[in-house]
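Undergrad: Quick one, structure for this:
(2 chains)
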Amino acid sequence: MDLGPTSEEDAFRREVREFVAARLPDDIRRKVLGFLRVEREDYVRWQRILAEHGWGAPGWPVAHGGCGWNAVRRNIFEEECFVAGAPRQMPFGLSMIAPVLMKFGTPAQQQRFLPRILTMDDWWCQGYSEPGAGSDLASLKTRAVRRGDHYVVSGQKTWTSFAQWANWMFALVRTGTDGKPQQGISLLLIRMDSPGITVRPIKTLDGGFDINEVFLEDVRVPLDGLIGEQDAGWTIAKYLLGHERTAIAGLGMCKRLLRRLKEVARSQTKRGRPLIDDPRFRDKLSKIEIDVHAHEWALARLVSLEQAGQGLGAEPSMLKIRGSEIQAELGELLMECAGPYAVPHVEDALSPDHAGATAGGAELNPLTGLYLDLRKVAIYGGTNEIQRGLIGKAIVGA
Amino acid sequence: MDPTLQRGDRPVWARLRFDQMAPSGACAKGPIRPVLAPSRSRPIITIWSNRNATYFQLTTLEMDFTLDDEQRMLADTVGRFVAAEYEFEARRKRLAKNGGFSQELWDTLAGMGLFGLNVPVEHGGIGGGPVETLMVMEQLGRGLVLEPYIDTGVVAPRLIARFGSAAQRSRWLPCIADGSQRFALAALEPQARYDLNDIRTGAERRDGGFVLDGAKCVVPHGDSAHWLIVPARSAEGVTLFIVDAAAAGVHAQGFPTIDHRRVAELRLDQVRVADDQVIGAVGAGYPLLEWAVDQALAALAAEAVGAMDRLTELTCEHLRTRMQFGKPIGSFQSLQHRAADMRIAVEQARALALMAAAGADADDRAQRRRGAIAAKAMAGRSGRFVGQQATQLHGGMGMTDEMACGHYFKRLTAIDMTLGNTEHQVEAYGEFL
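TA: Purely as a prediction, here's the structure:
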């Protein structure tokens, strides 16, 4: 056991930090760090800057144009980007459908889609969840019937993140009804501009519109949109979900929130002194920073064990639970910094070109919305209850 | 506590006659609320002593948690109004249309006499007190009623009835009772966080009156109130003023809130007030401000109880009806335990809301403050817990604007952050340790 980063890791971290400092556009950084609305164009612009530098796809093998970095490097990279205020790299194309295409796709599918994912010429969304089938994915009902040279797809997807910006969706559909619910599921790639697709935005608690319902009415999907074999989609779907092993820990986000929390706690006052010097608040800050350290070291240890083939299989679940809890608590503390100004909320001021006033200033205005929004981390990607079930099964086994 | 009850008289057991109270347990059955038994008998705590085998009935330990007929009628009436007018979808449509409250529903509340709740009978009110306030607030909380009630229906009438001059009582109480005038309490200043005593707004004597200068922050519905209750600091100390919101030099900038209400940032620029707009004595306003805020804290705590109670019911309904893996998700024990913890949290908040109501009229400052602060602290803590659990148990649906869950969560969050969050109250409570 050799604790402490290797000199290569240190050098790599410095390289990433310097690159992000030099190349991340200032307007994007301001939006991200100020918790303002980040637009489609901002994500695309940053992805193209990364791709141009050869860092567009940290997790992909070099053969497909990726960096071929191991988990340790990928974590360093993600953390440095997050802390510096880069928008997150959208996972739907890069780390969800791309690995599936590499493993199960035809060469034609790979050549068609992978380069466009790297430069974000396509925006992908994930058609997994359905009303009535949340964590119980296999109970999905959207049907695809094969007719000649295409499938006809009908049904409804929901919680579809960024469907309003997407031009492609990878969707789980039911192609067979025999046997267990897990059988008879296929994975289809669907153009979002196909006739019969309607996207309805769902307003969330913080007033945002990142998630959507997607209605599919007799949507025609050419046969070359099928990934792998018909009715064999469940294995592929699980492969896809299992691929995001460590990003779900959200360490970069934890660090970004912690840094912001300290900034806001310095700028706000209590009895004329900076809030960060108030013993009561200071204790909370110390505690949460200790939690972030624990999360960081747990992530490092579990990633390293997994890389060495010694994992339990439940590591991602542990990391997800802690990551979501820490993010939720950081959001809560950020809201507390605002004091009475946690109550007023000007939705329009989340857009960076808003010129009007906010009650407590632009720094405080987004914080309660952020608190509400961060509750979702414990819900998406398999609720924390599901994750606890997985850990329990792995360690108790009964 | 009966002072004659000595330590040596240690009761060996006490029995609450729960048979006269509503059945507790499943949240499906609604809030646990003591109801009047047909005999009108009170629940009795009976205590036996071992020592000489004598039976004591310590009447001074009796507490009456039942409602009398009038109180019950009041609660039923408000409950029916809320159920009819605040059905969730109807409320949501109104929200989308207006944002903030509706004058029409305000008038309905006024027609029901609700703004006269805390106005003495001789001034056209109902002459209710903290217990009636608690009951009404709980119902308003259950329905997420948007019409600003606390400042006009509780704080202003209680403050003026108790500390106002005869002239002030005659002038303002009737127009509070009939709902024609709205009040807003401007308790906080931008630099003050939650510290009531941090008052920089100045009051200077001039021409037989005062001139006010300063700023107040996050004033509930301060942009639609007719009268503002404003503490300001003069040479004599802190004085409490009733300021005409339409007076020259009063600038209110309204903002929407996270829970779809309104607050205002106030600027007072050379605002002239007459001597008869001072509540109580000049320079003796701080205890009155504290008293007013305590009334608001107790009311907020009761509102939070109503909101939490309803949110817990909604969550249990969701657990019973939402199917996953072929069964209702409520059949999973881990989720049942969360629901149970929610129910416990509601009960803790309700207990202290009762304590606050019991102390709201107390002459003893410590008794009143302890109750109000403890209730608000527990309302904040429990409200945050219940809101968070409800959201988690609703899953993705709980994150959307379309489900009632999120609206309750937001109101509970806003209540916690109003007039001192949990952290602030816990700190303030330290005075009474």
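
Undergrad: Would you mind measuring from residue A:291 to residue A:333?
TA: Note on residue A:291: its distance to residue A:333, by Cβ to Cβ, to the nearest Å, is 11 Å. For the C-beta atoms, the positions are set from N, CA and C on the backbone; glycine is no exception.

Undergrad: between those two, which one's more packed in?
TA: Higher neighbour count among residue A:291 and residue A:333: residue A:333, with 21 against 17, using other Cβ atoms under 10 Å in any protein chain shown.

Undergrad: check which helix or strand covers that one.
TA: In this structure, residue A:333 is located in helix A:315-338 according to DSSP states H and E.

Undergrad: got it, and residue B:376?
TA: Following DSSP H and E, one finds residue B:376 within helix B:365-394.

Undergrad: name the helices or strands packed onto that helix?
TA: Here helix B:365-394 touches helix B:286-321, helix B:333-359, helix B:404-416, helix B:422-429, going by 3 or more Cβ pairs under 8 Å, 6 or more residues apart in numbering or on different chains; DSSP states H and E.

Undergrad: For the helix holding residue A:333, the averaged confidence score.
TA: Averaging pLDDT along helix A:315-338 gives 95.

Undergrad: before we move on, what about stretch B:193-204?
TA: Confidence over stretch B:193-204 (mean pLDDT, whole number) is 98.

Undergrad: Then stretch B:122-135?
TA: Averaging pLDDT along stretch B:122-135 yields 95.

Undergrad: And stretch A:163-183, by the same measure?
TA: Regarding stretch A:163-183, the rounded mean pLDDT is 92.

Undergrad: Just the buried positions in it, please.
TA: Neighbour-count burial for stretch A:163-183 flags A:163-166, A:168-175, A:181, A:183 (criterion: 16 or more other Cβ atoms under 10 Å in any protein chain shown).

Undergrad: can you check stretch A:377-394 too?
TA: Within stretch A:377-394, the residues that qualify as buried are A:377-387, A:389-391, counting by 16+ other Cβ under 10 Å.

Undergrad: chain center to the helix holding residue B:376: distance?
TA: The chain centre lies 11 Å from the centre of helix B:365-394; the measure is Cα atoms, centre = their mean, to the nearest Å.

Undergrad: got it, and stretch A:216-229?
TA: In terms of Cα atoms, centre = their mean, the centre of stretch A:216-229 is found 26 Å from the chain centre.

Undergrad: how long is that stretch end to end?
TA: For stretch A:216-229, the first-to-last residue distance is 22 Å (Cα to Cα, to the nearest Å).

Undergrad: And for that stretch, what's in contact with it?
TA: The set of residues external to stretch A:216-229 that reach it, using Cβ atoms under 8 Å, 6 or more residues apart in numbering or on different chains, is A:100-101, A:104-106, A:108-109, A:142, A:144, A:146, A:149-157, A:170-171, A:186-191, A:194-198, A:233, A:235-236.

Undergrad: same deal with stretch A:348-367?
TA: Stretch A:348-367 has contacts (Cβ under 8 Å, 6+ apart) with A:27, A:30-31, A:34-37, A:207-208, A:264, A:267-268, A:331, A:334-335, A:337-338, A:340-342, A:344-346, A:369, B:217-218, B:253, B:255, B:263, B:265.

Undergrad: Name the strands paired with the strand ranked longest in chain A and say parallel or antiparallel.
TA: Secondary structure of chain A per DSSP state E: the longest strand is strand A:211-222. With DSSP bridges as the test, strand A:211-222 is paired with strand A:150-157 (antiparallel), strand A:197-202 (antiparallel).
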